[in-house]
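Engineer: sequence plus the predicted model coming up.
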Amino acid sequence: QVQLVESGGGLVQPGGSLRLSCAASGFTLGHYTIGWFRQAPGKGREGVSYISSSATVTAYGDSVKGRFTISRDYGKNTVYLQMNSLKPEDTAVYYCARSGKLTMNPDFYEYWGQGTQVTVSS
């Protein structure tokens, strides 16, 4: 059974950091593109970042470029999202998802985790 489980969310002050984890089971993470998305209350789902199966290609949304870094650990079957210099507008539920394509379009991601809440507030 394919499962993606996010963890690492929480409450952090502006300017702080968090590292999100996306642990996969039921498939080999290294065979797929893994993306991170977020959804704030009253807003649509926004693409944050993705990493290719080989980890040679990464991409970031304009709002997080230079602040967030995506990486993967093949041994642990886990993808990480390191988030630095967090802003209140980064507050959202963060989801990881699996795709067979190299894309930030959520329509092409077929499996999703349950999400983890990130709140940036003083």
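Structural biologist: Okay, I see it.

Engineer: am I right that Ser96 falls within a strand?
Structural biologist: Careful, residue 96 is Cys; it's not Ser. Yes. Under the criterion used here (DSSP: H, G, I helix; E, B strand; the rest coil), Cys96 sits inside a strand.

Engineer: list the beta-bridge partners for the closest residue to it other than its chain neighbours.
Structural biologist: Using C-beta to C-beta, 6 or more residues apart in numbering and skipping residues adjacent in sequence, the residue nearest Cys96 is Cys22, 3.4 Å away. Quick note: C-beta positions are derived from backbone N, CA and C, even for glycine. Per DSSP bridges, the residues bridged to Cys22 are Glu6, Val79.

Engineer: for Cys22, give its distance to Tyr94.
Structural biologist: Using C-beta to C-beta, to the nearest Å, one obtains 9 Å as the distance from Cys22 to Tyr94.

Engineer: who's more crowded, the two?
Structural biologist: Ranked by neighbour count (other C-beta atoms under 10 Å), Cys22 and Tyr94 place Cys22 first, with 27 against 23.

Engineer: tell me the pLDDT at the more buried one?
Structural biologist: The predicted structure scores Cys22 at 97 on the pLDDT scale.

Engineer: that one against Glu6, yeah?
Structural biologist: Yes. Because the distance of 5.4 Å satisfies C-beta atoms under 8 Å, Cys22 is recorded as touching Glu6.

Engineer: identify the contacts common to the two.
Structural biologist: In terms of C-beta atoms under 8 Å, 6 or more residues apart in numbering, Cys22 and Glu6 are both contacted by the residues 96, 113.

Engineer: average model confidence for stretch 40-55?
Structural biologist: Stretch 40-55 carries an average pLDDT of 94.

Engineer: how about the strands in this structure?
Structural biologist: 3-7, 10-12, 18-25, 33-39, 46-51, 58-60, 68-73, 78-83, 92-99, 109-112, 116-120 (DSSP state E).

Engineer: so who does the most centrally placed residue in the chain touch?
Structural biologist: If you average the C-alpha coordinates of the chain and look for the closest C-alpha using C-alpha atoms, centre = their mean, you land on Trp36, 2.6 Å from that point. Under the criterion of C-beta under 8 Å, 6+ apart, the contact partners of Trp36 comprise 20, 22, 47-50, 70, 79, 81, 94-97.
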